[in-house]
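In: Show me how the following folds:
(one chain, ligands or ions: 1)
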Amino acid sequence: MWKFIIAAAAAYMLWKMFMGDTKRRKEEAKQERETLIVRGEMVKDPACGAYVSPEDSVHASIEGRTMHFCSYECRDAYIKQLRSGSNGNKG
Ligand SMILES: [Zn+2]
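Out: Next up, the predicted model:
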């Protein structure tokens with residue numbers, strides 16, 4: 001009978017470890033993402049505010065600066081906003 005108890009205890013320990021691990025991994029992933037942002041390895045999409053990796057992003061050279069976007073829609077929306085928006089100049 002005690003063998004069964006040990007097996008149950010072992011299963012419980014494994015389950016606890018697994019659950020703890022999952023939670024910790026989520027935390028680590030979050031921290032890793034934040035580290036990448038701080039280190040400048042993630043860049044902010046100026047259109048929607050999402051963080052993207054420069055290698056993975058849609059990029060465009062706008063006014064001499066390379067901007068990174070999560071999608072072509074965001075890039076187009078940002079360019080449109082720049083053209084229609086600032087200074088109130090019509091041209
Ligand atoms: Zn976006």
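In: which regions of this structure sit below the pLDDT cut-off?
Out: 86-91 (pLDDT under 70).
In: one more time with 80, if that's ok
Out: Low-confidence regions of the chain, defined by pLDDT under 80, span residues 1, 85-91.
In: Flag every residue of it that's near the ion.
Out: 45, 47-48, 50, 70, 74 (CB under 5 Å from the ion). The way it works is simple: take the backbone N, C-alpha and C, and place the C-beta from them, glycine included.
In: Quick check: beta-bridge partners of residue 60?
Out: residue 67 (DSSP bridges).
In: can you tell me which residue is nearest the centre of the protein?
Out: In the chain, the residue lying closest to the centroid (CA atoms, centre = their mean) is residue 51, at 5.1 Å.
In: Not counting its neighbours along the chain, what's nearest it?
Out: residue 42 (4.4 Å; CB to CB, 6 or more residues apart in numbering).
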